[in-house]
Each structure stands twice: as structure tokens, then as C-alpha cells.
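J.: 3D, please:
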Amino acid sequence: MSGRAPRRISGPAGRAPRPGPRVEPTAQTPVAERHRNHFFALLPPPAVRKGLALLAAELPEAVGGRAEPAHRLHLTLLFLGPLPPGHEAALLAAGAAAAAACGPFDVELDHLGRFPRSDVVWVGPSAPPEPALPALHSALRRGCAEVPVSRRPDKFAPHVTLLRGSGPEDEVPADPVGPWRWRASRFVLLRTDPSPEGRVYTALGEWPLLS
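T.: As a prediction, this is how the structure comes out:
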């Protein structure tokens, strides 16, 4: 991982906005600004991201909801939720340790599904993923065991969110889609930050898979 400063990886219309000055949280900083979501993720390459964005744009006609823009499409490895300042060093250490223990692997997305409680429509693998993908999730989870997250899901379900706010009354198409494939050789630690154009993701760390 390089020692470069955090950088924005997403912005309106897929552009990468210039990062603004770093603002250190204080006791007067509103909780909503101090506690921001953190998560580890795989970022699909541009060609895969473009194909997934086209699928997301077509789905609302069938199942409603709002399509996720292309610049926010990612496969979550471990969601940590809102964290106060002071835990990012532990997350960076967990990312480095997991990268050293895990190697590259193939990802294939060909199946649509829905999380009813959150009204999220996603695309994921129809077959069990390569063992290296859940192994990377497990390594990150072990590395973050001491981080005080609000919840730790018992089951890892690899997916890329395509729609939000989809109504449960509409069935998600059962036909296979894609498939979209890529070779995952690196992953990132992202923080969700507010902006005038909506939330953006700031990359705090990035690691190649080395094992």
C-alpha cells in the first residue's frame, strides 16, 4: 500500500473530484459527520462497471427503485458501518495483513437477487465463489475483530448492489444475466463521505493480493 493521502474514487457522473482540505473532527463536529461508514471492497474494472451500470439502468422498469450510478458500483468484502475517528489505523493494518495472506482470484456475476429488508436488488454469483473470495473476507474479519462495529453479519453473500428502494411486490427476473467476469488482484478500504452532489467514496488504503 502506498503512503499517499486519502483520495476520492467516485464523484458525480463518474468523475473523480479533487479532494478538499482534510477536516479533523472535533467535539463540536456533528455525529453524522464524525461517524462515517467504512468498508473493504473490490472495484470492478471499467468495462465490467459499464456493463453493470447499463443493467442497473434497465432494471427499474421491471422492479422499480433507483439505479446505483456507475461510480459507486463495488463488491463489498466486509462492511464495518459507521465508525468514529481513531480506528482507521487498525483497519489499514487489517487490510495489509489480509493482502499478504490472500492471492488473486476470479469473480463472476451472473445472478440477480434481492435483500427484502433493505429493498436492495443486487447481482452476484449463481455458483459458490472461488474459495479465495470468502477466505479474503474471513481474513479481513479476523483483522477487524477488535474494531467496535455495530453488527457483524454471520453469512458472507458476495454481491454488487444495483438498485435501492425497490418494492418487494415486484419479482426480480430469474433469468441469468451477463456474465460479468474479472480477475480480482487488489482491494480497497473505502469511507463514505458527504458531498453537495451526494455521497462519494474516499479510498483510505489499497492493497494488491500477494499470496
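J.: can you map out the helices along this structure?
T.: 31-34, 46-58, 60-63, 88-101, 132-143 (DSSP state H).
J.: In a markdown table: the ones you listed, plus mean pLDDT.
T.: Below are the helices of the chain laid out as a markdown table (pLDDT from 0 to 100):
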| stretch | mean pLDDT |
| --- | --- |
| helix 31-34 | 47 |
| helix 46-58 | 93 |
| helix 60-63 | 77 |
| helix 88-101 | 94 |
| helix 132-143 | 94 |
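J.: closest to residue 82 out of these?
T.: Residue 82 lies closest, by Cβ to Cβ, to one member of these: helix 31-34, at 8.8 Å. For the C-beta atoms, the positions are set from N, CA and C on the backbone; glycine is no exception.
J.: what's the spacing between the residue minimising distance to the centre of the chain and residue 64?
T.: Nearest residue to the geometric centre of the chain (Cα atoms, centre = their mean): residue 76, 3.7 Å. To residue 64, residue 76 is 23 Å away according to Cβ to Cβ, to the nearest Å.
J.: just residue 81 next, same as before
T.: 26 Å.
J.: Report the contact partners of residue 160.
T.: Residue 160 is in contact with 44, 52, 73-75, 109, 122-124, counting by Cβ atoms under 8 Å, 6 or more residues apart in numbering.
J.: Mind checking which of those land in strands?
T.: Within the contacts of residue 160, residues falling in strands by DSSP state E are 75, 109, 122-124.
J.: Pick the one among these closest to residue 91.
T.: Nearest to residue 91 among those, with distances taken as Cβ to Cβ, is residue 75, at 17.8 Å.
J.: and the nearest residue to that closest one once chain neighbours are set aside, what is it in contact with?
T.: Of all residues not flanking residue 75 in the chain, residue 42 sits nearest, at 4.3 Å (Cβ to Cβ, 6 or more residues apart in numbering). For residue 42, the contacting residues are 74-75, 77, 107, 184, 187-188, by Cβ under 8 Å, 6+ apart.
J.: 6 Å instead, please
T.: 75, 184, 187 (Cβ atoms under 6 Å, 6 or more residues apart in numbering).
J.: per-residue pLDDT, the second one?
T.: Note for residue 184: predicted pLDDT of 96.
J.: Would you confirm that it contacts residue 109?
T.: No. At 11.6 Å, residue 184 does not count as touching residue 109 under the criterion of Cβ atoms under 6 Å.
J.: which of these two has more neighbours?
T.: Legend: neighbour count by other Cβ atoms under 10 Å for residue 184 and residue 109, higher for residue 109 (27 against 22).
J.: That one is in contact with residue 122, isn't it?
T.: No. Checked against Cβ under 6 Å, the pair residue 109 and residue 122 is beyond contact range at 9.1 Å.
J.: Identify the bridge partners of residue 111.
T.: Following DSSP bridges, residue 111 is listed with bridge partners residue 124.
J.: hmm, I was thinking of residue 83
T.: residue 36.
J.: which residues of the protein score low on pLDDT?
T.: 1-34, 150-154, 167-170 (pLDDT under 70).
J.: excluding its backbone neighbours, what's nearest residue 59?
T.: Per Cβ to Cβ, 6+ apart, closest to residue 59 is residue 163, 5.6 Å.
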